[in-house]
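[1] quick one, structure for this:
(one chain, ligands or ions: 2)
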Amino acid sequence: MWSLVIPVKRLSEAKTRLAPVPPERRRGLALAFVRDCVTAALATPQVGQVLVVTADPEAARRLSALGARIAPEPGSDASSSAAQRLNAAISFGAGRSLSQRPDLRVGALTGDLPALRPADLAEVLARAAAIPGRSFVPDAAGTGTTLLLGALDGGLDPRFGPDSRTGHARSGALEWSDAGPSLRQDVDTLADLEAALRWGVGAHTAHEIGLGLMQGTVRSFDPETRGGTVLLDDGTELPYDAAAFDAGGLRLARIGQRVALRADEGGRITALTLATLPLPQ
Ligand SMILES: Nc1nc2c(ncn2[C@@H]2O[C@H](COP(=O)(O)OP(=O)(O)OP(=O)(O)O)[C@@H](O)[C@H]2O)c(=O)[nH]1
Ligand SMILES: C=C(OP(=O)(O)O)C(=O)O
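    Residues are numbered from 1 along each chain as shown. Ligands and ions are numbered 1, 2, ... in the order given. Prediction:
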């Protein structure tokens, strides 16, 4: 069984290479990616715990709600490089994991894998458990690393950062170059995000992007105004108006009916229809 350390940068500083996307949206995407990544990791049978190392209070709160353990990231030397900070955060998490759960072998997974599927992760974890040494999964671009798995004696020796594929290979780690695509598709750029969307992203990222995958139940409907409210699956009640109702093409809504809906960035419903029907574009 494995303990996976996931480093999570402060959300306000995350995913700068998604720069065409405005900062507030980037923050939401970075959080959604790691929520999907943690969800998939925790659903993988060989994963005994997910330990998130972060200095970000919101990421800590959201990821702990999914079942991850949190190790608050210690402050770093201002003169250290981004890669040094990242590797220091991972080593800190690995040390914490080994002292708290010595029964679990340690690995480090990046948090930017929104398409991650438990089956792809399970396959690599099972193969790596059968070898005593370190091993790693190169990213889809072929230059970086998405997963580094430590040796049986606990050694992780992370070399994340630019060209980490070469760094990990040169340091003697075995490469799993045939790992499943969902484990290799990290998202740094908009082109990466498009690729991840083709593999199929998790629910948090789908929701954040506004793919119309939100669902809820009709709580009220007024035939006079054609407005009412919907109860989302997370317990939030949201109002919809006639424009949103008309955009979905329905003639009436009944209390208790399952609906699919699209909301804008501010959480305002812009269209809703029956859950079994596609939302009109
Ligand atoms: N705790 C911690 N996590 C980090 C740090 N730097 C990067 N990470 C995480 O490491 C993983 C891989 O990082 P990158 O792909 O470089 O992501 P990023 O730094 O958000 O992206 P860019 O700003 O575009 O470089 C992601 O889960 C990041 O959140 C750090 O200094 N501390
Ligand atoms: C830090 C890394 O991620 P990226 O290349 O996605 O920045 C890495 O691959 O080591």
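
[2] you'd agree Pro7 is up against Phe92?
    No - applying Cβ atoms under 8 Å, one finds Pro7 not in contact with Phe92, separated by 9.0 Å. In this view, the C-beta of every residue, glycine as well, is placed from N, C-alpha and C.

[3] more neighbours: which of these two?
    Just comparing Pro7 and Phe92: by other Cβ atoms under 10 Å the higher neighbour count belongs to Pro7, 26 against 19.

[4] quick one: residues contacting the more buried one.
    Contact analysis of Pro7 by Cβ atoms under 8 Å, 6 or more residues apart in numbering lists Val52, Val53, Thr54, Glu73, Leu86, Ala89, Ile90, Gly93, Ala108, Thr110, Gly111.

[5] closest to Leu29 among the residues you listed?
    Of all the contacts of Pro7, Leu29 sits closest to Gly111, with 11.6 Å by Cβ to Cβ.

[6] residue of the stretch 151-281 of the chain closest to ligand 1, please.
    Asp188 (5.4 Å; Cβ to the nearest ligand atom).

[7] now swap in the stretch 101-250 of the chain and tell me
    Gly111 (3.0 Å).

[8] could you count how many residues lie near that residue?
    By the criterion of other Cβ under 10 Å, Gly111 has 27 neighbours.

[9] poorly predicted segments of the stretch 1-150 of the chain, please.
    Under the criterion pLDDT under 70, no range of the stretch 1-150 of the chain is flagged.

[10] same thing but at 90, please
    Within the stretch 1-150 of the chain, the segments meeting pLDDT under 90 span 18-25, 75-78.

[11] kindly report the same for the stretch 151-281 of the chain.
    Filtered on pLDDT under 90, the stretch 151-281 of the chain yields the residue ranges 154, 197-216, 231-238, 260-270, 273-281.

[12] for the residue in it positioned nearest to ligand 2, which non-adjacent residue is closest in space?
    Ranked by Cβ to the nearest ligand atom, the top residue of the stretch 151-281 of the chain for proximity to ligand 2 is Ser164, at 3.1 Å. Distance criterion Cβ to Cβ, 6 or more residues apart in numbering; nearest residue to Ser164, sequence neighbours excluded, is Thr145 at 4.3 Å.

[13] OK, contacts around that neighbour?
    Contact partners of Thr145, counting by Cβ under 8 Å, 6+ apart, are Thr110, Phe136, Val137, Pro138, Asp139, Arg159, Phe160, Ser164, Arg165, Gly167, His168.

[14] that older thread, can you redo the contacts of Pro7 as JSON lines with secondary structure?
    Formatted as JSON lines, those follow (DSSP: H, G, I helix; E, B strand; the rest coil):
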{"residue": "Val52", "secondary structure": "strand"}
{"residue": "Val53", "secondary structure": "strand"}
{"residue": "Thr54", "secondary structure": "strand"}
{"residue": "Glu73", "secondary structure": "coil"}
{"residue": "Leu86", "secondary structure": "helix"}
{"residue": "Ala89", "secondary structure": "helix"}
{"residue": "Ile90", "secondary structure": "helix"}
{"residue": "Gly93", "secondary structure": "helix"}
{"residue": "Ala108", "secondary structure": "strand"}
{"residue": "Thr110", "secondary structure": "coil"}
{"residue": "Gly111", "secondary structure": "coil"}
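
[15] before we move on, the earlier item: what do Pro7 and Phe92 both touch?
    Among the neighbours of Pro7, those also in contact with Phe92 (Cβ under 8 Å, 6+ apart) are Val53, Glu73.

[16] wait, Gln46 sits on Met1?
    Yes - the criterion here is Cβ under 8 Å, and Gln46 meets it with Met1 at 5.9 Å.

[17] who touches both of these two?
    Counting by Cβ under 8 Å, 6+ apart, no residue touches both Gln46 and Met1.

[18] look at these two and report which has more neighbours.
    Under the neighbour definition other Cβ under 10 Å, Gln46 and Met1 were set side by side, and Gln46 has more, 20 against 13.
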